[in-house]
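Asker: Sequence below, structure please.
(one chain, ligands or ions: 1)
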Amino acid sequence: QTNARMTKADNMNKGRQVKQCIKSLILDNCDASGTPDVIIVGSGVAGSALAYTLGKDGRRVHVIERDLTEPDRIVGELLQPGGYLKLIELGLEDCVEKIDAQQVLGYALFKDGKHTKVSYPLEKFHSDVSGRSFHNGRFIMRMRAKAASLPNVQLEEGTVTSLLEENGIVNGVHYRTKDGHEHKVYAPLTIVCDGCFSNLRRALCHPKVEVPSHFVGLVLENCQLPFANHGHVILGNPSPVLFYPISSTEIRCLVDVPGQRLPSISNGEMANYLKTVVAPQVPSELHDAFVSAIDKGQIRTMPNRTMPADPHPTPGALLMGDAFNMRHPLTGGGMTVALSDIAVLRDLLKPLHDFNDSPALCKYLESFYTLRKPVASTINTLAGALYKVFCASPDEARTEMRQACFDYLSLGGVFSTGPVALLSGLNPRPLSLVLHFFAVAIYGVGRLMLPFPSPKRMWIGIRLVLSASGIIFPIIKGEGVRQMFFPATIPAYYQSSLLR
Ligand SMILES: Cc1cc2nc3c(=O)[nH]c(=O)nc-3n(C[C@H](O)[C@H](O)[C@H](O)COP(=O)(O)OP(=O)(O)OC[C@H]3O[C@@H](n4cnc5c(N)ncnc54)[C@H](O)[C@@H]3O)c2cc1C
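Answerer: Got it, this is the predicted structure:
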């Protein structure tokens, strides 16, 4: 509304202020002490990609990572095509080479003995931009090596214990190295990328973390997926089970277990749960390998955390990656959001000579939170909504919605490519997401009305629409309606509140 009311004179005035703002940021680089331009806390997916990106732009980057050995985790193993495009944009696409990464061309969905295949809409791309799945640790090691190959990027092992602050401005970090020594390092900008368990985010945002479920991870060997190079989603009871390749010989299985409590691994409760509740729902091609993986006993778990981005803009510091924003990992969107955010930040920082004027930089970077919204909010909202729709429910309306979703995707054409383009990050448009979501609800209501509408079925139809609204609107509200649907259409600089 404010923008709409801006007169031509206002615009010109703002234009002048913009130039002044950029000038104030483009100070002479008088820092001869060799202190870095940027400190990055954490060298996981976001920290490593960011270190390379900023290093390539000529920034002096000091990365502090708690553990530089290869991570062995069950997270971040499927990079959606939209994320792969961002990887190319950042010049990091070779980091999925030589790690036995597998192409992912789409998904196969299974429900009650039926299946349907939805392919990513990749035809319009000249090169191969299919998704990639891999061992997360191998991918991260490639990105760390690439970042560290730049002479102006220093990668150090150490645990950051606190942010250093003076007069409300973060000006560095306090960290401990493995030999037990305490250190301080100073820089005009500190970017915190310490992941989903972040200890440092509290000072920089209002974290509203929820844990709707956990993923239980297994690795299946000596078996073939029913559909090669596809992610497999079983719409199971009580909730979804995923399978996708992570190398030419291994298939990752992630079993969603809803709620806060997990069956115990140590007393065999988990193995029993997987064998009695989950195994009967696993496609026959994978069943034996699934049971063997349980018997091998290498069962891993991770909480599935959600946290809307709710920053508390602080001069001298910024949050990125899972420390900043999390969504349910059902749709494998976390790395795509992180890489997309890095591309947005890179473009904003590029014209600045240095980052020494922290308050001005902080104001300037407020536009980052708006510019990231179309991609981040579409992926976040879809992940949250799809998770709720894909879980089994005793409520008849929710059961109808789940079936309608499966059947809608089975229709093919725009009914499958539309939603999968959103999920893959290839077409991150919030409006398209809402349209498809309610199209599924209307499709579900239509099915209930056929062949003859009865009062009971009409009542279920009404509850289905109410239930669909009850799923999607709170998520959209959490994402920020205005920023999500009315993203910045004017140059980023104009978004800075410094100029208002
Ligand atoms: C079960 C599960 C499955 C997932 N699957 C997918 C998927 O298939 N596809 C997808 O795109 N996303 C997936 N995600 C999300 C994805 O893993 C994250 O979005 C992504 O890893 C975020 O990257 P990050 O750099 O913020 O965090 P991380 O990759 O976790 O990196 C954080 C780094 O910070 C370091 N660190 C932490 N504290 C400190 C400290 N105090 N000092 C120094 N260093 C520190 C850690 O050692 C770590 O290296 C999944 C998430 C979960 C939970």
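Asker: Provide the secondary structure category for residue 407.
Answerer: Using DSSP: H, G, I helix; E, B strand; the rest coil, the three-state assignment for residue 407 comes out as helix.
Asker: From the ligand, how far out is it?
Answerer: 26 Å (Cβ to the nearest ligand atom, to the nearest Å). The C-beta positions use only the backbone N, C-alpha and C, and glycine is treated the same way.
Asker: List the contacts of that residue.
Answerer: When the contact criterion is Cβ atoms under 8 Å, 6 or more residues apart in numbering, the partners of residue 407 are 443, 447.
Asker: now residue 124
Answerer: Applying Cβ under 8 Å, 6+ apart to residue 124 gives no contacts.
Asker: cool, residue 273 as well?
Answerer: Residue 273 makes contact with 257, 263, according to Cβ under 8 Å, 6+ apart.
Asker: Count the neighbours of residue 167 for me.
Answerer: 8 (other Cβ atoms under 10 Å).
Asker: distance between stretch 215-227 and the chain's centre?
Answerer: For stretch 215-227, the distance between its averaged C-alpha position and the chain's averaged C-alpha position is 23 Å (Cα atoms, centre = their mean, to the nearest Å).
Asker: what does stretch 442-457 give?
Answerer: 36 Å.
Asker: ends of that stretch, how far apart?
Answerer: One end of stretch 442-457 sits 13 Å from the other (Cα to Cα, to the nearest Å).
Asker: what mean pLDDT does it have?
Answerer: Mean per-residue pLDDT for stretch 442-457: 93.
Asker: Could you list the residues in contact with that stretch?
Answerer: Contacts with stretch 442-457, where a contact means Cβ under 8 Å, 6+ apart, come from 400-401, 403-405, 407-408, 458, 460-461, 464-465.
Asker: quick one: the strands in the stretch 101-250 of the chain?
Answerer: Shown for the stretch 101-250 of the chain, the strands assigned by DSSP state E, counting those that start in this stretch span residues 102-104, 106-111, 114-119, 131-133, 153-157, 159-166, 169-176, 182-186, 189-192, 210-221, 230-234, 241-245, 250-258.
Asker: Quickly run through the sheet partners of the fourth one, with directions.
Answerer: Here the strand partners of strand 131-133, with direction, are listed using DSSP bridges: strand 78-79 (antiparallel), strand 102-104 (antiparallel).
Asker: try the second one
Answerer: Each strand that pairs with strand 106-111, with its direction, by DSSP bridges: strand 114-119 (antiparallel), strand 230-234 (parallel).
Asker: angle of that strand against strand 241-245?
Answerer: Between the axes of strand 106-111 and strand 241-245, defined by axes from the mean of the first three to the mean of the last three Cα atoms, to 10 degrees, the angle is 150 degrees.
Asker: For the stretch 101-250 of the chain, which residue gets nearest to the ligand?
Answerer: Using Cβ to the nearest ligand atom, the point where the stretch 101-250 of the chain gets nearest to the ligand is residue 195, with a distance of 3.0 Å.
Asker: which residues does the residue nearest in space to the middle of the chain contact?
Answerer: Per Cα atoms, centre = their mean, the C-alpha nearest to the average position across the chain is that of residue 334, at 1.7 Å. Contact partners of residue 334, counting by Cβ under 8 Å, 6+ apart, are 45, 75-76, 322, 326-327.
Asker: and residue 337, which of the three is it?
Answerer: Local secondary structure at residue 337 is given as helix here, using three-state DSSP.
Asker: start the count at 31, not 1, going forward
Answerer: That works, and once the first residue is 31, the last one we named lands at residue 367.
Asker: With adjacent residues omitted, what lies nearest to it?
Answerer: residue 406 (4.9 Å; Cβ to Cβ, 6 or more residues apart in numbering).
Asker: Next, the one you found: secondary structure please.
Answerer: Secondary structure state of residue 406, per three-state DSSP, is helix.
Asker: roughly how far is the strand or helix carrying residue 116 from the heart of the chain?
Answerer: When secondary structure is defined using DSSP states H and E, the element that contains residue 116 is helix 111-119. Averaging C-alpha coordinates over helix 111-119 and over its chain gives two centres that are 13 Å apart (Cα atoms, centre = their mean).
Asker: Quick check: buried residues in that helix?
Answerer: By neighbour count, and taking 16 or more other Cβ atoms under 10 Å as the criterion, the buried residues in helix 111-119 are 111-117.
Asker: mind checking pLDDT for the residue nearest to the centre of the chain?
Answerer: Residue 364 is given a pLDDT of 98.
Asker: how far away is it from the ligand?
Answerer: Counting by Cβ to the nearest ligand atom - residue 364 and the ligand are separated by 2 Å.
Asker: residue ranges with poor pLDDT in the stretch 431-530 of the chain?
Answerer: The model of the stretch 431-530 of the chain has pLDDT under 70 over residues 517-530.
Asker: coming back round to it: would you mind listing the outside residues contacting the helix holding residue 116?
Answerer: With contacts defined as Cβ under 8 Å, 6+ apart, helix 111-119 is touched by 79, 109, 123, 125-126, 134, 150, 152, 159-162, 363, 365-366, 369-370, 372-373, 405, 409, 454-456, 458.
Asker: Next, the angle strand 136-141 makes with that helix.
Answerer: With the same axes, to 10 degrees applied, the angle from helix 111-119 to strand 136-141 works out at 160 degrees.
Asker: C-alpha coordinates for helix 111-119, CSV please?
Answerer: In CSV, the C-alpha atoms belonging to helix 111-119 read as follows (Å, rounded to 0.1, in the frame of the first residue of the first chain):
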residue,chain,number,x,y,z
PRO,A,111,16.1,-29.7,-9.3
GLY,A,112,15.4,-26.2,-8.1
GLY,A,113,18.3,-26.6,-5.6
TYR,A,114,20.5,-28.1,-8.3
LEU,A,115,19.8,-25.0,-10.5
LYS,A,116,20.9,-22.8,-7.6
LEU,A,117,24.1,-24.9,-7.2
ILE,A,118,24.8,-24.2,-10.9
GLU,A,119,24.1,-20.5,-10.4
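Asker: That helix - what's its average pLDDT?
Answerer: 97.
Asker: Please report phi then psi for the residue nearest to the residue of the stretch 131-280 of the chain closest to the ligand when sequence neighbours are not counted.
Answerer: Excluding its sequence neighbours, the residue lying closest to residue 225 (Cβ to Cβ, 6+ apart) is residue 352, at 5.0 Å. Note on residue 352: its backbone torsions stand at phi -70, psi -20 [degrees, to the nearest 10].
Asker: separation between residue 352 and the ligand?
Answerer: Between residue 352 and the ligand the computed distance is 4 Å (Cβ to the nearest ligand atom).
Asker: Run a quick check on that residue versus residue 226, I expect a contact.
Answerer: Yes - here residue 352 lies in contact with residue 226, judged by Cβ atoms under 8 Å, at a distance of 4.1 Å.
Asker: Between these two, which has more neighbouring residues?
Answerer: Neighbour tally, residue 352 and residue 226, criterion other Cβ under 10 Å: the higher count belongs to residue 352, 27 against 19.
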